[in-house]
Structures are given as C-alpha cells and as structure tokens.
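Participant: Next comes the sequence, and after it the predicted model I'd like to discuss.
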Amino acid sequence: MAGQWADEADFEARAFALRDRLEFGALLVTRSEEGMSLFVDRRHIRIPSQAREVYDVSGAGDTVIATMAAAMGAGHDIESAARLANVAAGIVIGKVGTVPITLDELNRHV
C-alpha cells in the first residue's frame, strides 16, 4: 500500500504518510527476512526477524494478526504485542503448511 520505495528513509516516510492519511494510531509492516517495522507516534521501531530455517511462509501474516489481537486483548502494549507476533511468525514459518502454534510453543520462545 505504501508503493515502491528507493531506500529505508523513503520507506519510512511513505509508511508514516500512509499511517497519517488513514488516521491510524499505529502501522505494522511485515518485511519478510527483515522482520517488522512498527510506526507509532513519530517512532519507527525495527523488530528484527528471528534467524531460523524457513519451511513455509503460508499463514505467517495471519499469525501476526492473530497474535497481535490476542496479545493486545490480554493487555500488552502495541510494541510488546508486535514483538510477540514476530516470535509467533518465526515459529510458524519453521513448519510446513498453515498450522497453528500453541501458547506453550510461544512461551518456549519468548
């Protein structure tokens, strides 16, 4: 949705502009092997990916959304929820197919 960008500074400017145009309080962008970028207030929080073997990325985005929702519903702030979602996505890409993770699996990795 932010379009193509020339470099990291351009990406950041486009992400903040998109967040502001849509009047979102925050914007989370998943970035494959580069992890995630969370844009909240005037901060760009970079959340690096967890180094692990990738078997299948199917369902990783859905896992991020579900984990963010569950974590924020449980009282986590948006940054800690995004960091937890990043861990969850790292777990599911280490599996084949679209499979859920358990709370026990997540707890073992945080």
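Facilitator: Yes, it's here. Predicted model only: the values in this text are computed from it and were never measured.

Participant: Find the nearest non-adjacent residue to residue 38, please.
Facilitator: residue 45 (4.2 Å; C-beta to C-beta, 6 or more residues apart in numbering). To be clear about C-beta, it is placed using only N, CA and C from the backbone, and glycine gets the same treatment.

Participant: State the distance from that neighbour to residue 110.
Facilitator: 17 Å (C-beta to C-beta, to the nearest Å).

Participant: swap in residue 78?
Facilitator: Residue 78 is 17 Å from residue 110, by C-beta to C-beta.

Participant: And those two? Which one has more around it.
Facilitator: residue 78 (16 against 9; other C-beta atoms under 10 Å).

Participant: Can you report how many residues lie near the residue nearest to residue 38?
Facilitator: For residue 45, using other C-beta under 10 Å, the count is 16.

Participant: ok, residue 46 - contacts?
Facilitator: Applying C-beta atoms under 8 Å, 6 or more residues apart in numbering to residue 46 gives the contacts 35, 36, 37.

Participant: For my notes, please list these in TSV and give neighbour count, pLDDT and distance to residue 61 for each entry.
Facilitator: Formatted as TSV, the contacts of residue 46 follow (neighbours: other C-beta atoms under 10 Å; pLDDT from 0 to 100; distance: C-beta to C-beta, whole Å):
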residue	neighbour count	pLDDT	distance to residue 61
35	18	91	13
36	20	95	11
37	19	96	14
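
Participant: Please list the members of these that lie in strands.
Facilitator: 36, 37 (DSSP state E).

Participant: for the contacts of residue 46, which one is nearest residue 6?
Facilitator: residue 37 (16.0 Å; C-beta to C-beta).
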